[in-house]
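**Q** please find the sequence and the predicted model below.
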Amino acid sequence: MGHPDPGYGYTVAVNIDELNERFGIPGALAFETTEAGLVLAKVTTPSCTAELYTHGAHLALWQPTGLEPVLFLSEKSKFEKGAAIRGGIPVIFPWFGARTATSESPRTDGPSHGFARTTEWDVSFAAVVGEELHLALTLVPDDNAKALGYDRFRVALQFTLGRSLTVKMTVANEDTVPLRFEEALHTYLHVGDATQISVRGLQGTEFLDKPDGFKRKTQSEEPLHLERETDRVYLNTEATVFVDDPVLKRTLVVEKSGSQTTVVWNPWSELSHKLADMSDEGWREMVCVETANASEGALVLEPRSLHTMEARIHVEPLQS
Ligand SMILES: O=P(O)(O)OC[C@H]1O[C@H](O)[C@H](O)[C@@H](O)[C@@H]1O
């Protein structure tokens, strides 16, 4: 594992046999290589099935046994090196959206939402505990990250895959100067019809309204019903968000800790048409509820310190 690939500037030469030997668990976890050369971890436990790409440490499928998949995955998504996957849980680091100049760095180059979601991560831990599968992946600076000015960090992602899902993201600063960064678990929730869902938990919370020129607003309504393109960066909130879905007759619950920002995103019809990796009707089946520290909630880590953010998702029957 971990040989440099000159084609992409990051480590991709993973030996699949070695990976299966080191971390595979008969009947519960197996690694395979896709036609496009991505490494896919397939998880089966009594409580769920799941699929995770080491490319971006990207959880693409999580389906508790007997339920519909909880994560939306675009049927038109690319699954190839250098591209972001549309759906599942993209891992956003070290900036959110377009890179903007900060007091630490004037640079604005690099891909949208940072490089973590298009970089190969290393598998570092796997174990079955009861009916859950624990899986950890780590990211260290590669040539691409270093070229973008990020050369002294460590990121660990710990997944607990079962009847509920926990994703824990830890960032460590190994530098002698503070590390400023943004991060997000950009979770695409799968819903029956986005025009019918109710999003609860954010009443009275300030947000930046991206489609309205980043105007600062406060949400008065509860619940929130989506009626158009929605792209809101909610500030200073640790609230649990509930997504009531009358079509799939369930409520998706997103709890979190170590996160002060929540982003709610649905591109709606017009923007979906412009997204090459989203089908025209894809927007109807998703809403992103993103556990983040972004925008005004960007973090500054002192040297030799770390920060952990966690998202916990579970499904409840819809209360009528
Ligand atoms: O198309 P992507 O780079 O994956 O970004 C998808 C979306 O991510 C976040 O939710 C942002 O708030 C949106 O402004 C952005 O459009």
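**A** Thanks, I have it. Residues are numbered from 1 along each chain as shown.
**Q** name the element the closest residue to the ligand within the chain belongs to?
**A** Nearest residue of the chain to the ligand: Trp265, at 3.4 Å (C-beta to the nearest ligand atom). Every residue, glycine included, has its C-beta placed from N, CA and C. Element membership for Trp265, per DSSP states H and E: strand 261-266.
**Q** tell me the contacts of Pro69?
**A** Pro69 makes contact with Leu61, Trp62, Gln63, His190, according to C-beta atoms under 8 Å, 6 or more residues apart in numbering.
**Q** most neighbours among those residues, which one is it?
**A** Neighbour counts for the contacts of Pro69 (other C-beta atoms under 10 Å) peak at Trp62, which has 26 neighbours.
**Q** buried stuff in the longest strand along the chain?
**A** Using DSSP state E, we find that the single longest strand of the chain is strand 305-317. Buried positions in strand 305-317, judged by neighbour count with 16 or more other C-beta atoms under 10 Å: His307, Met309, Glu310, Ala311, Arg312, Ile313, His314, Val315.
**Q** stretch 147-157 too?
**A** Those would be Leu148, Tyr150, Arg152, Phe153, Val155, Ala156, Leu157, for stretch 147-157 by 16+ other C-beta under 10 Å.
**Q** likewise for stretch 19-27?
**A** Leu19, Asn20, Phe23, Gly24, Ile25.
**Q** span of it from start to end?
**A** Stretch 19-27 has an end-to-end distance of 15 Å (C-alpha to C-alpha, to the nearest Å).
**Q** and if you look at stretch 73-85?
**A** End-to-end span of stretch 73-85 (C-alpha to C-alpha): 8 Å.
**Q** how far does it sit from the chain's center?
**A** Mean-position distance between stretch 73-85 and its chain equals 14 Å (C-alpha atoms, centre = their mean, to the nearest Å).
**Q** cool, stretch 73-90 as well?
**A** Centroid separation between stretch 73-90 and its chain, computed with C-alpha atoms, centre = their mean, is 11 Å.
**Q** show me what counts as buried in that stretch.
**A** Neighbour-count burial for stretch 73-90 [16+ other C-beta under 10 Å]: 73-74, 77, 79, 81, 83-90.
**Q** which of those come close to the ligand?
**A** Contacts with the ligand are made by Ala84 out of the buried residues of stretch 73-90, judged by C-beta under 6 Å from any ligand atom.
**Q** export the buried residues of stretch 73-90 to TSV and append columns for secondary structure and pLDDT.
**A** Listed next are the buried residues of stretch 73-90 as TSV, based on DSSP: H, G, I helix; E, B strand; the rest coil; pLDDT from 0 to 100:
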residue	secondary structure	pLDDT
Leu73	strand	98
Ser74	coil	98
Ser77	coil	98
Phe79	coil	97
Lys81	coil	95
Ala83	coil	97
Ala84	coil	98
Ile85	coil	98
Arg86	coil	98
Gly87	strand	98
Gly88	coil	98
Ile89	strand	99
Pro90	coil	98
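**Q** let me know the closest of the buried residues of stretch 73-90 to Val128.
**A** Nearest to Val128 among the buried residues of stretch 73-90 is Ile89, at 21.1 Å by C-beta to C-beta.
**Q** which residues of this structure lie near the ligand?
**A** Listed as neighbours of the ligand in the chain under the rule C-beta under 6 Å from any ligand atom: Ala84, Gly97, Ser112, His113, Lys210, Asp231, Val263, Trp265, Cys288.
**Q** how does it look with 5 Å?
**A** The chain comes close to the ligand at residues Ser112, His113, Asp231, Trp265, as judged by C-beta under 5 Å from any ligand atom.
**Q** and the buried ones among those residues, selectable in PyMOL?
**A** With 16+ other C-beta under 10 Å as the criterion, this PyMOL line picks the buried residues out of these:
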select buried, resi 113+231+265
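**Q** out of the residues of the chain next to the ligand, which sit inside strands?
**A** Among the residues of the chain next to the ligand, the ones falling in strands (DSSP E) are Asp231, Trp265.
**Q** hey, where'd the helices end up in the stretch 51-200 of the chain?
**A** Applying DSSP state H, counting those that start in this stretch to the stretch 51-200 of the chain gives helices spanning 143-147.
**Q** circling back: distance to Ser220 added to the buried residues of stretch 73-90, as CSV?
**A** CSV is the format used below for these (distance: C-beta to C-beta, whole Å):
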residue, distance to Ser220
Leu73, 33
Ser74, 32
Ser77, 35
Phe79, 41
Lys81, 45
Ala83, 39
Ala84, 34
Ile85, 35
Arg86, 32
Gly87, 31
Gly88, 32
Ile89, 30
Pro90, 30
